[in-house]
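Chemist: Fold the following for me, if possible:
(4 chains)
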Number of protein chains: 4
Amino acid sequence: LGKIITGIRDIERTLNHINIKANINNIMIITKLHDIEPIQWAQKVIDFLLTSNDHIQLYIQEELWTNPYFAKSLDLEHCNEKQRIHFWRGDRCSFKPETIDLLITFGGDGTVLYGSWMFQKVIPPVLAFSLGSLGFLTEFDVQDYENILTNILENGYQCSIRMRFECTIMKAKNINREDANLKNEIKRLGKPDSDTHEILESYTVFNEVVIDRGPNSTMTSIELFGDYDSLTTAEADGLIISTPSGSTAYSLSAGGSLVHPEIPGILISPICPHTLSFRPLIIPESIILRLGVPYDSRSTAWCSFDGKNRVELNKGDFLTVTASRYPLPCIRQSSSKNAWFERLSETLHWNERKPQKPFIQTDQFSY
Amino acid sequence: LGKIITGIRDIERTLNHINIKANINNIMIITKLHDIEPIQWAQKVIDFLLTSNDHIQLYIQEELWTNPYFAKSLDLEHCNEKQRIHFWRGDRCSFKPETIDLLITFGGDGTVLYGSWMFQKVIPPVLAFSLGSLGFLTEFDVQDYENILTNILENGYQCSIRMRFECTIMKAKNINREDANLKNEIKRLGKPDSDTHEILESYTVFNEVVIDRGPNSTMTSIELFGDYDSLTTAEADGLIISTPSGSTAYSLSAGGSLVHPEIPGILISPICPHTLSFRPLIIPESIILRLGVPYDSRSTAWCSFDGKNRVELNKGDFLTVTASRYPLPCIRQSSSKNAWFERLSETLHWNERKPQKPFIQTDQFSY
Amino acid sequence: LGKIITGIRDIERTLNHINIKANINNIMIITKLHDIEPIQWAQKVIDFLLTSNDHIQLYIQEELWTNPYFAKSLDLEHCNEKQRIHFWRGDRCSFKPETIDLLITFGGDGTVLYGSWMFQKVIPPVLAFSLGSLGFLTEFDVQDYENILTNILENGYQCSIRMRFECTIMKAKNINREDANLKNEIKRLGKPDSDTHEILESYTVFNEVVIDRGPNSTMTSIELFGDYDSLTTAEADGLIISTPSGSTAYSLSAGGSLVHPEIPGILISPICPHTLSFRPLIIPESIILRLGVPYDSRSTAWCSFDGKNRVELNKGDFLTVTASRYPLPCIRQSSSKNAWFERLSETLHWNERKPQKPFIQTDQFSY
Amino acid sequence: LGKIITGIRDIERTLNHINIKANINNIMIITKLHDIEPIQWAQKVIDFLLTSNDHIQLYIQEELWTNPYFAKSLDLEHCNEKQRIHFWRGDRCSFKPETIDLLITFGGDGTVLYGSWMFQKVIPPVLAFSLGSLGFLTEFDVQDYENILTNILENGYQCSIRMRFECTIMKAKNINREDANLKNEIKRLGKPDSDTHEILESYTVFNEVVIDRGPNSTMTSIELFGDYDSLTTAEADGLIISTPSGSTAYSLSAGGSLVHPEIPGILISPICPHTLSFRPLIIPESIILRLGVPYDSRSTAWCSFDGKNRVELNKGDFLTVTASRYPLPCIRQSSSKNAWFERLSETLHWNERKPQKPFIQTDQFSY
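Modeler: All right, here's what the predicted structure looks like:
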């Protein structure tokens, strides 16, 4: 039995490190818009993509195109490449996600996060150019864009498959029933006569979904369910449900461990829990997590999704969190699992001793 | 690509929850020997196994057989079942591990740990009876042994497959060379002309392997390698390399997260690290970890394996830790992933509020 | 020099353990009003105080007097003690704090907290009766009330002097000035021409004052000042400024240490700080702490005082926290500093092993 | 009562910030001996002290005097200052501690620690010159030595009074008595007929004293006493008993808080404790701590003092820790309590954001 499992793991590993050679016809560009630098690099790359071949269609932010720093140097008004340029805007995503073959970002990890946000369902492979400081996701030095792009277009690429969560807010239909009991209602979910909740909204997140006390000054009660079973009731300022990718973000500041993105796990990190034994947990991604506000709770709770879209959970409401069927494929330079450790050092100054002087003096104590 | 990975995970999950129906002919018994209670229960179960069928062979600790509490009530001296009883001793394991079909333990988690220790390579499925207090591994109430055993023998069982580590100590052959450099030597491991280290000992562990400062009063330097690459140098009191099963043991007291046993990860939890950013890590089980003492280190380090077998690592020595090909299959009552949460509550008093009075008073503040 | 300091500490210690023998004429009663038990005990104690002497004046919650559980058994309508009973209500405190000689509470630590809240300036010694479960402040078993009260009235009492904070919210007068800079403004506070802020409100707290992100979904920036100097800018979910008494409350859940109430220190415990090196601090109570929202902050912050009175801090506003001139004298049974450890064990189950099973199994590993 | 305490605190604060003007006749020099830089600076300062006045006597390490880097540039063989130079060696301290008026160190915090070690009883004020990197104790830039020394000699100085611990190891006289019970024996200490223990050794420490498991691979049991009362039994890898000065050293790596040196407290920080509720504590310096190995313990424990002088504690032995009557007066540049925060930033990179990139990306998420 152990051997079969080992075999399965081998296959998975291989897949995670496989080289993907796909036709790339439609490329979307996302650029940080407040700085000059990413705009200017985006411009160079667009120029290169339009001139180095004649079939690639580009999808560009409208705000980028009208940006003074961008327009200045690129003059496509009269060129024949113009018809290969299409515009999109964040607020009305006038493109079909499934037709995009590659997403290129200029900025930092936040720009990739924004890309994840735009593609709530299927998301194409992401090529994240870094500008100066490195991030967890931005491995490619933009200065080397010609080689990088030529290589990807001709030889394909390798991806780090990043888990995302699909989060759905379920509103209680009737919160005033005397006998309302969330545990019973969740146990009956999916049964034909279950009619206690309805879908309010649904979001896909890359880093984390958080439930917290919001404007309340005292802690909140969150009932935690695994599939249909009640696991525990958390009395805390909040709970952070994080992907492995998000383990270097908010979860870390709440005491969570650093988790390699290839680990198929969900992190649950409590914020200021009431009991000292409520330590951060890591559970299999196959569990369907449900987090609800009990009907007898003294206060409500608030959700946020990758730090956005604040929604209130009233009594009886709950949130469902599952591993999304649409993970984010992040193109990577090296297929080595060890690259993650370099990212930690560069981005978090993890265990770096040069800038951080050792604080224990006693071992210098030799005369 | 994401879909394929999801498919693979599904297969793995199914395997982990599959029902196993195997012929059980040879059963080994391990009993805690210092208390009367486990001895008396072992005796009842042995009696039952010998009388309820005529083919099962039993392997029993010699020390148990000669124990006064055991001998008193069981008189097999003249019975015809005697030839179905075989003896073994911890110090000379006179049995073939691969012929044992089932291992039954009477005691706590420590007794299972001892079983793991005895079966360093192939280990049969373990049926762990609990006596009174529940543990992480001892799910079965011994009082119900007749039903439990009949059911397993007739209908089969489900297992929780628990990762173990294979740990090998590699001694540096020549520590006095001026130019000795551990990073270079590990990079060349496996190459034909690599001749810097030799195997000293090898252990299989269930919970954790620890490298620490031992009798030294100041911290130690441990160089950490992923496969053949140097990841970082840890300046700390020690490093705990733990399986998910071990996440509720020593690793927890060093600040590690609680990790579900189905997560295929290796936990690295530093003990009193020198830098505040060295937080606990969880990395894929496919990484070959190597942990060594640099040639220029001011002190040596010490290993221990599941809290036993203290070995000193001198300068240039290193330890290899990999997921063992021989995981421990632990028979379980329920196939639900949620059973782990019940174990946490029962064993760690995880997030329990009844015995642990809430310590935040401010929310009681309503008049 | 060291000797003088040691001498000073000796005096302080003596004072802290001195026996106080004062005339007790006016006693105020505070009772938890939602449970029957504290009401019935309050009634017995009131009865005893009225009948066992003829000079003590009692100040009783009006809501208690009209409570059905209270009125039922006590009939004072026609008795001559009636004129010794005075009523007060939480919302219109019709009493002079400085005339009260003793405050008796029936309930838990929360009831003492409520008493602290009512007496924002001078507060009399507090005798806190516990009903069943013990708290950090409720040392006296109510069943023994006759002996306890007789002893206090005749022989005096010893107090644990508990630091409280005086917290003042300072509003920025003009937040739209282009050149507004909080660091400069705080440096100039108290100078004759400083006219940038005005007092909004002031609160005395017993456990802690918290500044947090409130309804915002991302962290907040809080500028921290010691006296008039900028110390650092905290990027975090919030900061908990706690007294030693509060070290067992909210601060503990954010990772703060347990601090003995005799330590003259202020605890600063960050909630989910942005940088891993921002560890909890303990600073001398003689520092005037100021915590402000920088003018260029992207969001506001929110204060709460002992979990109450939520107030928003806008850009440029700041909060001043100092050790109050009016500490809370808490009457104690024993003058031993070690009593605090008993409280920890009873209330937090601190380091208790009976209910909390040891989680490290490896040391049970002896066969 | 509260007012008296406030008054006392005021006096204490004043003392801590008072300017001390004393005659300085005898100065001792301590220098790090392995680097050239501190030796060369020591030489310049010695030169200056000998030539700028005619009464100061200097006490110099013999090893420094014979060091080639030192001798080369200073030629005092024939000068009349020679008789004002005296030699000492670490191993035979041929000087009277009480006659030294000033101790000057060249090196880092470790050099001050070494000075503390040399002066186990009375210790003169310490002037700690920093060479390049700043430490917690080395505030004075050596490049400015002429101004600094002239100012101190002429105008006096201000000190930060640093608590030290006096630690005494008490050996059990008869460990084989059947009925030996450490709790009872410690309760009877000091009584005329108590004859269970004798003094083995005594050390004064500046940072911390540690009791740990030493070479054992499993945790140790340490019984903790406050004065003569048993407080709790710690099951852990060890306990760190730290001064506020030591709160930035080993205690910090075990999760202890950062404690300002003016706080009169003792830090108890457990290393990998068995129970999750054993959190770091801070207790008044007036408590006499005793830490012992119970007679029924399965293993011994080991002490170390500022990372040195490893001593084994056998069953029945205990260690006494008290605030020393001989604190270390550390001359400081500024009397501001806020200087400590600057030290934290410079030395620990505490809450610094420049070198440590923010790890939460979600708030950059605005397009």
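Chemist: ok, which residues in chain A are in contact with chain C?
Modeler: Contact residues, chain A versus chain C (C-beta under 8 Å from any C-beta of the partner chain): A:210, A:214-215, A:217-218, A:236-237, A:250, A:252-255, A:271-274, A:276-277, A:302, A:304, A:307-308, A:310, A:348, A:356. Yep, even glycine has a C-beta here, placed from its N, CA and C like the rest.
Chemist: Can I have the buried ones of those as a ChimeraX selection?
Modeler: Burial among these is assessed by 16 or more other C-beta atoms under 10 Å in any protein chain shown; the matching ChimeraX selection reads:
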select /A:210,214,215,217,218,236,237,250,252,253,254,255,271,272,273,274,276,277,302,304,307,308,348,356
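Chemist: Among the residues of chain A next to chain C, which are located in strands?
Modeler: A:210, A:236-237, A:271-273, A:302, A:304, A:308, A:310 (DSSP state E).
Chemist: just curious, which of those residues is nearest to chain B?
Modeler: residue A:273 (7.4 Å; C-beta to the nearest C-beta).
Chemist: Would you check which of the residues of chain A next to chain C are in contact with chain D?
Modeler: A:250, A:252-253, A:276-277, A:307-308, A:348, A:356.
Chemist: could those be laid out in CSV, adding pLDDT?
Modeler: Shown next, in CSV, are these (pLDDT from 0 to 100):
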residue, pLDDT
A:250, 95
A:252, 96
A:253, 95
A:276, 88
A:277, 89
A:307, 93
A:308, 90
A:348, 81
A:356, 35
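Chemist: And the helices in chain A?
Modeler: Using DSSP state H, the helices of chain A run over residues A:2-16, A:36-51, A:62-65, A:68-73, A:109-118, A:145-155, A:182-187, A:250-253, A:339-348.
Chemist: Could you look over those and pick the most buried one?
Modeler: helix A:250-253 (a mean of 27; mean count of other C-beta atoms under 10 Å in any protein chain shown).
Chemist: Show me what that one is packed up against.
Modeler: strand A:208-212, strand A:229-242, strand C:265-273 (3 or more C-beta pairs under 8 Å, 6 or more residues apart in numbering or on different chains; DSSP states H and E).
Chemist: List just the one of the ones you listed that sits closest to residue D:100.
Modeler: Nearest of the helices and strands packed on helix A:250-253 to residue D:100, taken as C-beta to C-beta: strand C:265-273 at 32.8 Å.
Chemist: The closest one pairs with which strands?
Modeler: With DSSP bridges as the test, strand C:265-273 is paired with strand C:229-242 (antiparallel), strand C:281-284 (antiparallel).
Chemist: mean confidence for that strand?
Modeler: The average pLDDT within strand C:265-273 is 97.
Chemist: Quick one: name the residues of the stretch 151-300 of chain A near chain D.
Modeler: Residues of the stretch 151-300 of chain A that fall close to chain D, judged by C-beta under 8 Å from any C-beta: A:207-208, A:248-250, A:252-253, A:276-277, A:279.
Chemist: Redo those as JSON lines? Include distance to residue D:200.
Modeler: As requested, these are exported to JSON lines (distance: C-beta to C-beta, whole Å):
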{"residue": "A:207", "distance to residue D:200": "56"}
{"residue": "A:208", "distance to residue D:200": "55"}
{"residue": "A:248", "distance to residue D:200": "49"}
{"residue": "A:249", "distance to residue D:200": "52"}
{"residue": "A:250", "distance to residue D:200": "51"}
{"residue": "A:252", "distance to residue D:200": "46"}
{"residue": "A:253", "distance to residue D:200": "46"}
{"residue": "A:276", "distance to residue D:200": "37"}
{"residue": "A:277", "distance to residue D:200": "39"}
{"residue": "A:279", "distance to residue D:200": "40"}
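Chemist: Show me which parts of stretch A:306-317 are buried, residue by residue.
Modeler: Quick answer for stretch A:306-317 (16+ other C-beta under 10 Å): A:306-309, A:311, A:313, A:315-317.
Chemist: As CSV, the strands paired with strand C:265-273 with mean pLDDT would be great.
Modeler: Formatted as CSV, the strands paired with strand C:265-273 follow (pLDDT from 0 to 100):
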stretch, mean pLDDT
strand C:229-242, 94
strand C:281-284, 95
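Chemist: Just give me the closest of the ones next to chain D among the residues of chain A next to chain C to chain D.
Modeler: Nearest member of those to chain D, counting by C-beta to the nearest C-beta, is residue A:307, at 3.0 Å.
Chemist: Would you confirm that the closest one contacts residue C:216?
Modeler: No: using C-beta atoms under 8 Å, residue A:307 is not in contact with residue C:216; the gap is 9.6 Å.
Chemist: could you dump the ones in strands among the residues of chain A next to chain C to JSON lines with distance to residue C:223?
Modeler: What follows is those, written out as JSON lines (distance: C-beta to C-beta, whole Å):
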{"residue": "A:210", "distance to residue C:223": "25"}
{"residue": "A:236", "distance to residue C:223": "27"}
{"residue": "A:237", "distance to residue C:223": "22"}
{"residue": "A:271", "distance to residue C:223": "23"}
{"residue": "A:272", "distance to residue C:223": "22"}
{"residue": "A:273", "distance to residue C:223": "28"}
{"residue": "A:302", "distance to residue C:223": "26"}
{"residue": "A:304", "distance to residue C:223": "25"}
{"residue": "A:308", "distance to residue C:223": "26"}
{"residue": "A:310", "distance to residue C:223": "25"}
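Chemist: Show me which of those residues is closest to residue B:85.
Modeler: Closest to residue B:85, out of all of those and judged by C-beta to C-beta, is residue A:273, at 51.9 Å.
Chemist: Pairing partners for the nearest residue to that closest one once chain neighbours are set aside in the sheet, please.
Modeler: Of all residues beyond its chain neighbours, the one nearest residue A:273 is residue A:236 (4.2 Å), with distances taken as C-beta to C-beta, 6 or more residues apart in numbering or on different chains. Applying DSSP bridges to residue A:236 gives these bridge partners: residue A:220, residue A:273.
Chemist: what's the answer for residue A:321, then?
Modeler: residue A:167, residue A:289.
Chemist: How many neighbouring residues does it have?
Modeler: Residue A:321: 21 surrounding residues under other C-beta atoms under 10 Å in any protein chain shown.
Chemist: Just to check, it is in contact with residue A:209?
Modeler: Yes: in this structure, residue A:321 is within contact of residue A:209 by C-beta under 8 Å, at 6.0 Å.
Chemist: which residues are in contact with both of these two?
Modeler: A:165, A:167, A:241 (C-beta atoms under 8 Å, 6 or more residues apart in numbering or on different chains).
Chemist: tell me which of the ones next to chain D among the residues of chain A next to chain C is nearest to residue B:352?
Modeler: Nearest member of these to residue B:352, counting by C-beta to C-beta, is residue A:277, at 7.1 Å.
Chemist: Distance of the closest one relative to residue D:191?
Modeler: Counting by C-beta to C-beta, to the nearest Å, the gap from residue A:277 to residue D:191 is 41 Å.
Chemist: one step back: so which of the strands paired with strand C:265-273 is nearest residue B:184?
Modeler: Closest to residue B:184 of these is strand C:229-242 (C-beta to C-beta; 41.3 Å).
Chemist: Please consider this matter closed, and thank you.
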